[in-house]
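Trainee: A predicted structure for the sequence below; I have some questions about it.
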Amino acid sequence: MEELPQKVRKPYILGLVAFCSGSGKTTIIERLIVNLRDKGYKIGTLKHSECQVEMDRAGKDSFRFTAAGANQVVVASDRTIGMFRIIREKVELEQVLILFEDVDIILIEGYKNSRYPKIEVHRQCMGAPLLYKVGDATDIIAVASDEKLNIDCDFLDLNDAACVATWIAERADFFFNSDKN
C-alpha cells in the first residue's frame, strides 16, 4: 500500500536570550535538546554569531572550493550533510529559518530582537539586569533563572531542564494544534 504524504507543519520557534555572554544559554539549550528529544520532538538549533562564521578548515577541498569563489558548497556523507553558503549582504533571520527541514521545534540562541517568543536566561552571579524589565529584548514570555524572581511573566528554574522542556512542549503542542499552521 502506498504511503500517503504527511502534512508538513511549521516548526515552533523559541529564542533563548540573555543580557550578557556566559549566562548559560548554550548549556540550557543542550539540556533542552535531550529532554525535548526524549519527548519525541525533532529539534533544530540556530546560534547567532556576531563574528564571521568559519566552519571549514584551510586545505580541505570544501575550503578550496569556497576560496575559488563558489557561492554554495555542500559536503555529504552517508549520514550527514554540511552546507556553506556565501552571502554577500546581511542575512535576515527569516532567510536562515527557511533552511530548517523536518524539525518540530527550533531553539534559537540569540537574535534577541526577533519577533519570536523567547525565554530569558538569567544567572544571579552575572549581576546583570533582566532584559524583559529594561526593554532590551522583545517578546520575552518567560525567565529561566537560578534565583527566585518576582516577575510578571512565567518563571522557570534554570537548573531544572526537564521542567523547562515540559513548559516548552506545552506551548509547542498548543502552537501545533492552533490555526497558525
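Mentor: Received it, and whenever you're ready, just let me know what you need. Predicted model only: the values in this text are computed from it and were never measured.
Trainee: ok, Thr66 - contacts?
Mentor: 56, 73, 84, 86 (Cβ atoms under 8 Å, 6 or more residues apart in numbering). All C-beta atoms are positioned from the backbone trio N, CA, C, and that covers glycine.
Trainee: do that again at 10 Å, thanks
Mentor: Counting by Cβ atoms under 10 Å, 6 or more residues apart in numbering, Thr66 touches 54, 56, 60, 72-73, 84-86.
Trainee: go on, Val96?
Mentor: With contacts defined as Cβ under 10 Å, 6+ apart, the neighbours of Val96 are 46, 48, 85, 87, 106, 108, 111.
Trainee: for Thr27, give me phi and psi.
Mentor: When read as degrees, to the nearest 10, the backbone of Thr27 gives phi -60, psi -50.
Trainee: ok, it to Ile43 distance?
Mentor: Going from Thr27 to Ile43 by Cβ to Cβ, to the nearest Å gives 15 Å.
Trainee: the two: which has the busier surroundings?
Mentor: Ile43 (18 against 12; other Cβ atoms under 10 Å).
Trainee: so what's that one bridging to?
Mentor: Ile105 (DSSP bridges).
Trainee: next one: the helix or strand bottoming out on mean pLDDT in the chain to chain centre, how far?
Mentor: One helix or strand of the chain scores below all others by mean pLDDT, DSSP states H and E: strand 81-85, with a mean of 81. With Cα atoms, centre = their mean, to the nearest Å as the basis, strand 81-85 stands 18 Å off its chain's centre.
Trainee: cheers, nothing more for now.
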